[in-house]
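**Q** take this sequence and fold it.
(chains A and B)
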2 protein chains.
Amino acid sequence: MSPELAESARANLKRLFAPASVAVVGASASPEKAGYQALLALEGFSGEVLAINPKADEILGRKAFPSLSAVGRPVDLVVFAVPAAACVAAVREASASACGGGLIVSGGFAEAGALGKSLQAELAALSAGSAFRILGPNTAGFVNKQLSLTASFVAGADRIPQGSVAVVAQSAGVNLTVSFLLAGIGHGVSLAVGLGNSVDIDAAEVLEFLVDQPGTKAIALHLEGVAHGRRLYETLRRVTAVKPVVALTVGRENVEEFAQSHTGNLIGSYALRRSALRQAGAVVVESTQELADTAAALSLTRLPAKKNPGIAIVTAQAGPGLLMLDALKSERVSVPTLATSTQARIAELLPPMTHQKNPVDTGRPSPAFGEVLAAVVVDEQVDAVIVYALHEPAALRPEDVLPRAAARSSKPILFGTTGLSEEIESSVAALRKHGIHVASSPEQLARAAVALVRDAELRSRRELPVLASVPSSATVAAPYDESMAKELLRTLGVRTPRGIACDSHAAARAALQQLTKPVVAKILSAEIAHKTEVGGVHPSIDDEAALEQALAKLDAIPLEGERRYLIEEMATAGLDVIVGAVRDPSFGPTVTVGLGGTLAEVLEDSATRLAPIGLAEAEEMLAELRAARLFDGYRGSPRLDRQAVAETIVRLGDFLCQHPEIVALEVNPLRVYPRGALALDALLIREAGTI
Amino acid sequence: MSPELAESARANLKRLFAPASVAVVGASASPEKAGYQALLALEGFSGEVLAINPKADEILGRKAFPSLSAVGRPVDLVVFAVPAAACVAAVREASASACGGGLIVSGGFAEAGALGKSLQAELAALSAGSAFRILGPNTAGFVNKQLSLTASFVAGADRIPQGSVAVVAQSAGVNLTVSFLLAGIGHGVSLAVGLGNSVDIDAAEVLEFLVDQPGTKAIALHLEGVAHGRRLYETLRRVTAVKPVVALTVGRENVEEFAQSHTGNLIGSYALRRSALRQAGAVVVESTQELADTAAALSLTRLPAKKNPGIAIVTAQAGPGLLMLDALKSERVSVPTLATSTQARIAELLPPMTHQKNPVDTGRPSPAFGEVLAAVVVDEQVDAVIVYALHEPAALRPEDVLPRAAARSSKPILFGTTGLSEEIESSVAALRKHGIHVASSPEQLARAAVALVRDAELRSRRELPVLASVPSSATVAAPYDESMAKELLRTLGVRTPRGIACDSHAAARAALQQLTKPVVAKILSAEIAHKTEVGGVHPSIDDEAALEQALAKLDAIPLEGERRYLIEEMATAGLDVIVGAVRDPSFGPTVTVGLGGTLAEVLEDSATRLAPIGLAEAEEMLAELRAARLFDGYRGSPRLDRQAVAETIVRLGDFLCQHPEIVALEVNPLRVYPRGALALDALLIREAGTI
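**A** Numbers count the residues shown, from 1 in each chain, chains lettered A, B, ... in the order given. The predicted structure is shown next:
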């Protein structure tokens, strides 16, 4: 796509989501038709609405035109209320008429067999060759509350209240579910979009649009499969620097078959998608309710970027306080002991006997409650305060007390309360007007605090790592065997055992003389990916007799091409990890680290990031492992060199970024010592399975 | 306590929770006093209310008496609205007046330092020596909605609606939070109790009361520490056979300090408490909202006891359907493919292109929706159906369609919907009247289904295991060393390697001759618990020279008492597990199984049950391990003998049950083979740390 075309495609995206004029192709006066529903839904829209129908002059009070070209001027947004088979021609006409973009509600595309797939391919080709933008197909559309625009067929979509959260969902059903859940907690939406099959506009592009949209304070994102993961990742990094993004994704278990029947997209790796979202700065959640709650909280309040912010808990009831403390600690959120001076001030305000260090248990709220809160919020260790109290207006009027305490500092105070909904309603509404988030259970309140902390932490390490670790000499040349892969690793600065590649028994015997014994003898061939499985590794060789025995066994392995041997010094004992750099079809270069061995594999204890990866982030990957304690001198074993592993992660990632012809470079195992680490085996995979 | 006293204590528990008469000790006409609040809260109570105050004739329109004894007849429930220091005398008087029981709201007991602890000890002694029952101290009390009785000081407690869920919470704050959350989802409570410090009445006793209470259909239980775990476990087993119990417990992380300041109780092991609750048949949840949601669902519907019941998903929107499928699969809930005949029927009713095997994606609901549902619910594989649809009354009126479909079978249908609350309200209320549970998000609906499944599964293995595996010859005699522990294991039917205990080098040499080589030589002494750490284990001994070397090293270990050697045949390679039977101070005999080695320990992959344990349950423990796949022939290694491990679990548990003098019997490792397993090392611990 030429730069000019790309530029007008970007402009057309804005015309689509914020149009001045909307046309309905297939507009109809029959209430059971989609073209009727679409027109009806546009009733509240303040811009121009045009009905397109070759057989009518007027529909639902709107002037009707026989075709888009008959309108005589370009329309910003076209709603296609026609069956799948008629869509291609209709899109072609809209594009030719210089319309901005269109919304295709109809199903029957990639999610529906071969015929649908070919229709979708035609749409894709049309959209790729022009600046005309397509939302869908197979989506219920979107609402733009700032324009009172309901470009959607679903009943009730027009009644979602306006607010400051944008919802971007792969599924139209999830889009509406989350929008209504936001309404249920007293919030609303700015824009709510269902992406459907995403033949053209995908989540990344909507995010791009939202970053400048003034009415959107936070974004709730729902994803199934992601076709262009790398682009989403890069867009998200830019967006989360400006606005908080909360993400929900599906596919923890195998739901591929159902997912494909839904949008025709592949689901891909759930773990990778979650890692990428988090790495890009999104707060990842587990349910639609949590998506709504968290986006709502972040739309009101965002902490400054910070590592490990401190949360204070002030609670009028100890039991709920205990649940919140447990929830925060489970998420490794810091609940710091309050400063001595803060504790002294609280001791003046509260009766003794309750816990006052953090959590602060106030007991039944007294008139001093606000003062306690004010003392806590200014504590230097504290970055945000969560306050829980059962609704008990005789003892505490939170709508009076909390805003006053909040005014003492710029730090956010979040509130949680439970009571009969009709009794708490007005108090909750007043607090929200003051910009104070209100949760309806202790754990929901704790989760909001966790989200604030995550969002602040993710931004605290935003600097994009630079590709600095890979020397230009790191080239890749045949034969693609272990010896070559290890030479490459050494160029990258990753240490390997001392070893010699030998093409004869005589050379192997000479190597035995040169190296420190014991040595290991391995088969060296680009044909063999897994040496151990074919008997290609013989350890603990001390003398020539043992060497000859080993070589004889290596000679028995059937090979088509050249047969060589790698004679290497045996490494001493240490902790084995696996570092694997792999190019994902959607997300591009990634690096995964995990412990070596069957048990670690079965327990799925690994961490993944998209490359390039900074050193601090690589160290975080190690900290993320459930087995991280093994690096820290567990049970009397020595403390191990985490940095050596982290550097290996960084370098493998950088290498993959710079070498698009490489699919994977895996070190398995990387043996870690108190000082340094050694790559004991390495595997390089070029495109299309070439070893 | 004599049987007669115990019997009247039980009767008094019923008098306390379902009284005909209530007296307030410390009744007051001053609105700021607890004694005023308590009397005021009793306004709606239909039984007799008496004010006790030495200085008044009448308070708040109730006749006042100078003392309980002055009333002249026993009162069922006494509310003590007096400070901690005055409580002991007041309780003594109430007990002497043959009152049923009392509620102590005041704090200042075990949660509040030495003086409070001694006051609580006095209360404990009083209660242990009489039939008078005490709820609290340090609790906000309880409500019995069936009697319109509010024995609580918290504002709003009287306005919790009546319903069929009983709430039993350690914390008064959690009690009210959960009660209000129930109200928020259109449910209510029968009885709601805060236990506080539990000097007398604990959760087990309230459960005992509730099992016969006709108005209670489900129980929501909240626990912090549990002082008498074994009794709770046994009570829960009986209760869950009759009524569903949902449990929330705290203490995943270390919250001990705050918890003690709350109720004065120790928290104990979170993992053990959760295991015990589940083993007793309770559905364990993660938050107060989930506690309310799940208890509400189970109060309407309970599946028959069954292993692995099948859930069908019917959804009008694919995206939410995908979220539900993912949630069910994550919890290992079966979502079976529908029968061919069911699929054929659905194909007649729905347009093609949507997923119809289960989940059934109906697309926008058509008039056939009810027929689709009816076809799904009668499918033989299906035990319950969850239905999700956005609120779209023009397309679907769930209050008409669902009850009709539900009437076709005895299987439950659960519904989930999202929409503007004022619009969905009447439909939701109508469905609840039909006994259909309604959730407000896809994941909440899925969680309700998971709860139904768990409850059914837990009851499907109710038979209490019998202590049949331990022969009466399994006695324990000094010296308590490895040889003796292994002899004991053999008596229990657990195999060990062939070995000989030797008290001299000569005996060791003779043993070497008798055994199959290689052998291992170990130090044998009751003084040493961890042999490896002192160099007490020497493997791979093939000849006398190696044996003498090993013995010399064993002789260098400093010992106070007798020095012996264990010469044993070396075991071949296999998978090492740890089976540890340990007596918990609260829950009694338990058995834990996990994989051997540092990594498994760090990753905390283990399963625990209270003994005695049936064989099926022991096998479930293995299935519960995240590393369970390693038993199944992982990556070409052979399939291992799960049953041999399960039998070891059963036998160790039975042994601990029959030998109260034993604190622990641990087999570490138990080496597992394709046929059988061998205990390679064993440790027996008698009371108070004696080895």
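**Q** low-confidence ranges in chain A?
**A** Low-confidence segments of chain A (pLDDT under 70): A:261-267, A:462-469, A:472-474, A:688-691.
**Q** quick test: name the residue nearest the centre of it.
**A** The centre of chain A sits closest to residue A:277, judged by C-alpha atoms, centre = their mean, with a distance of 1.3 Å.
**Q** tell me the contacts of that one?
**A** By C-beta atoms under 8 Å, 6 or more residues apart in numbering or on different chains, the contact list for residue A:277 reads A:221, A:223, A:236, A:247, A:249, A:284. For every residue, glycine as well, the C-beta is placed using N, CA and C.
**Q** in the sheet, who's paired with the second one?
**A** In other words, residue A:223. Residue A:223 has these beta-bridge partners by DSSP bridges: residue A:249.
**Q** that one and chain B: what is the separation?
**A** Counting by C-beta to the nearest C-beta, to the nearest Å, the gap from residue A:223 to chain B is 11 Å.
**Q** hmm, that residue is touching residue A:245, no?
**A** No - contact criterion C-beta atoms under 8 Å: residue A:223 and residue A:245 do not qualify, at 11.2 Å.
**Q** returning to that earlier point: hmm, which two among the contacts of residue A:277 are most spread apart?
**A** Farthest apart among the contacts of residue A:277 by C-beta to C-beta are A:236 and A:249. That separation is 12.4 Å.
**Q** among the contacts of residue A:277, which one has the most neighbours?
**A** Counting neighbours by other C-beta atoms under 10 Å in any protein chain shown, residue A:221 leads the contacts of residue A:277 with 29 neighbours.
**Q** so that one touches residue A:245, yeah?
**A** Yes - at 5.8 Å, residue A:221 counts as touching residue A:245 under the criterion of C-beta under 8 Å.
**Q** name the residues contacting each of the two.
**A** Both residue A:221 and residue A:245 are in contact with A:207, A:282, where contact means C-beta under 8 Å, 6+ apart.
**Q** what sits against residue A:221?
**A** Residue A:221 sits next to A:168-169, A:203, A:207, A:245-248, A:277, A:282 when contact means C-beta under 8 Å, 6+ apart.
**Q** which of those fall in helices?
**A** A:203, A:207, A:277 (DSSP state H).
**Q** for residue A:307, phi and psi?
**A** Dihedral angles of residue A:307 (phi, psi; degrees, to the nearest 10) stand at phi -80, psi 130.
**Q** just checking, it touches residue A:457?
**A** Yes - contact criterion C-beta under 8 Å: residue A:307 and residue A:457 qualify, at 6.0 Å.
**Q** and chain A, what are its domains?
**A** According to automatic domain parsing, chain A comprises the domains A:1-138, A:140-255+A:262-300, A:303-460, A:498-569, A:575-689.
**Q** packed most tightly, which of these would that be?
**A** Most buried of the domains of chain A, by mean neighbour count (mean count of other C-beta atoms under 10 Å in any protein chain shown): domain A:140-255+A:262-300, with a mean of 23.
**Q** end to end, how far does that one reach?
**A** Start and end residues of domain A:140-255+A:262-300 are separated by 28 Å (C-alpha to C-alpha, to the nearest Å).
**Q** for chain B, what's the nearest residue on the stretch 1-150 of chain A?
**A** Ranked by C-beta to the nearest C-beta, the top residue of the stretch 1-150 of chain A for proximity to chain B is residue A:112, at 4.3 Å.
**Q** surely that residue touches residue B:351?
**A** No - counting by C-beta under 8 Å, residue A:112 sits too far from residue B:351 to count as a contact (10.2 Å).
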